[in-house]
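Peer 1: okay, sequence plus prediction incoming.
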Amino acid sequence: MTNQPLVSIITVVFNGEKHLQQTIDSVYNQTYKNIEYIIVDGKSTDNTINIIQNNKNKITKWISEPDKGLYDAMNKGISLANGQLIGTINSDDWYQSNAVELSVIAYINHPKAKIIHANRFDVYPNNTKKEFKFNPSAFKFLYFNMTYSHPTMFVVKEEYQKHKYSIKLKSSSDYQFILEAFLNDKNGFVHIPKPIVNFRLGGISAQLSFFDELKEAYLARKSAGMKTYKCCFALLLKFFLNPIVVLKRVLNKNS
């Protein structure tokens, strides 16, 4: 590969001593090497800082200071990034070794791309994995739930200069960001049909009640520029279809 654009990778962490080393190693061991790696720590009180300091040779820059939550920390990392492409990998997750290489190839082959995304492996508490494949249904993405896998995304720097992540939402700011980009230019997305990230299930969204989830999704759609009646339709659709989704998950889990 003769054209090797700089890629920035950001890890946001707070008290992430359990899995942070695996995340760092997955970035360091990428087959693509023109990478700057940025870690944004939220003033951890566990062994996180020691892990960061012990891996200084693998990290381009890092900060440790209080923040206003996950999305505030992500915005801080983005402001420090110099790469043409910017990816974010949380401290519970890790990349496949060719994740950045595949994303850069897609970026080079699609000059008008704004967001590169891929499939992922969902990692269950017993460490079994199942591939989460991108669902190309625009209807499902617009009106039901997230079909794009945010941990797999590499976003061109210019897109982050247009808009960043809202700190008003607890778990749906990534959906708002992607939806806003989609509504502005749905052709700016390029999909890699392979899993490039290992994603541990859980996190903030899993801690929200169903009604808080509905509220967040409504606000995300509204803030992204969706018409009010469409936001209301999405809310009602989620409300009435959610029992079916829950039942399906239970049946798949027990099968």
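Peer 2: Looks like it came in fine.
Peer 1: which strand is the longest one in this structure?
Peer 2: Taking DSSP state E as the criterion, the chain has its longest strand at strand 189-200.
Peer 1: okay, F240: pLDDT?
Peer 2: F240 carries a pLDDT value of 82.
Peer 1: do the same with F210
Peer 2: Looking at F210, its pLDDT reads 82.
Peer 1: all further residue positions should be reported with the first residue as 35.
Peer 2: Noted, 35 is the first residue going forward, which turns the last one into F244.
Peer 1: so where's this structure shaky on pLDDT?
Peer 2: Scanning the chain for pLDDT under 70 picks out 35-36, 237-242, 277-289.
Peer 1: can I assume V189 sits in a strand?
Peer 2: Yes: under DSSP: H, G, I helix; E, B strand; the rest coil, V189 sits within a strand.
Peer 1: report the buried residues of the longest strand of the chain.
Peer 2: Going by neighbour count (16 or more other C-beta atoms under 10 Å), the buried part of strand 223-234 is 223-226, 229-234. Using the backbone N, CA and C atoms, a C-beta is placed for each residue, glycine as well.
Peer 1: CA-only coordinates of stretch 155-171, as PDB, when you get a sec.
Peer 2: Coordinates of the C-alpha atoms in stretch 155-171 are reproduced here as PDB (Å, rounded to 0.1, in the frame of the first residue of the first chain):
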ATOM      1  CA  PHE A 155     -18.000  -9.900  17.000                       C
ATOM      2  CA  ASP A 156     -20.300  -9.700  20.100                       C
ATOM      3  CA  VAL A 157     -18.500 -11.200  23.100                       C
ATOM      4  CA  TYR A 158     -20.700 -12.700  25.800                       C
ATOM      5  CA  PRO A 159     -19.900 -13.000  29.500                       C
ATOM      6  CA  ASN A 160     -18.800 -16.700  29.000                       C
ATOM      7  CA  ASN A 161     -16.400 -15.400  26.200                       C
ATOM      8  CA  THR A 162     -18.300 -17.000  23.400                       C
ATOM      9  CA  LYS A 163     -18.600 -14.800  20.300                       C
ATOM     10  CA  LYS A 164     -21.200 -14.300  17.600                       C
ATOM     11  CA  GLU A 165     -20.900 -12.100  14.500                       C
ATOM     12  CA  PHE A 166     -23.100  -9.000  14.500                       C
ATOM     13  CA  LYS A 167     -23.800  -8.200  10.800                       C
ATOM     14  CA  PHE A 168     -24.800  -4.900   9.500                       C
ATOM     15  CA  ASN A 169     -28.400  -4.700   8.500                       C
ATOM     16  CA  PRO A 170     -28.700  -2.400   5.400                       C
ATOM     17  CA  SER A 171     -32.400  -1.600   6.100                       C
END
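Peer 1: what's the spacing between that stretch and its chain's center?
Peer 2: How far stretch 155-171 lies from its chain's middle: 14 Å, per C-alpha atoms, centre = their mean, to the nearest Å.
Peer 1: the protein: helices as residue ranges?
Peer 2: 54-62, 82-88, 104-114, 133-143, 172-177, 191-196, 207-218, 238-241, 244-258, 262-288 (DSSP state H).
Peer 1: wait, which of those is closest to G76?
Peer 2: helix 104-114 (5.9 Å; C-beta to C-beta).
Peer 1: contact partners for the residue nearest to C265 when sequence neighbours are not counted?
Peer 2: Once flanking residues are discounted, C265 sits nearest to R255: 4.5 Å by C-beta to C-beta, 6 or more residues apart in numbering. Going by C-beta atoms under 8 Å, 6 or more residues apart in numbering, R255 touches 210, 213, 264-265, 268.
Peer 1: hmm, try it at 10 Å
Peer 2: 176-177, 206, 209-210, 213-214, 217, 261-262, 264-269 (C-beta atoms under 10 Å, 6 or more residues apart in numbering).
Peer 1: select only the buried ones of those in ChimeraX?
Peer 2: Burial among these is assessed by 16+ other C-beta under 10 Å; the matching ChimeraX selection reads:
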select :176,177,206,209,210,213,214,265,268,269
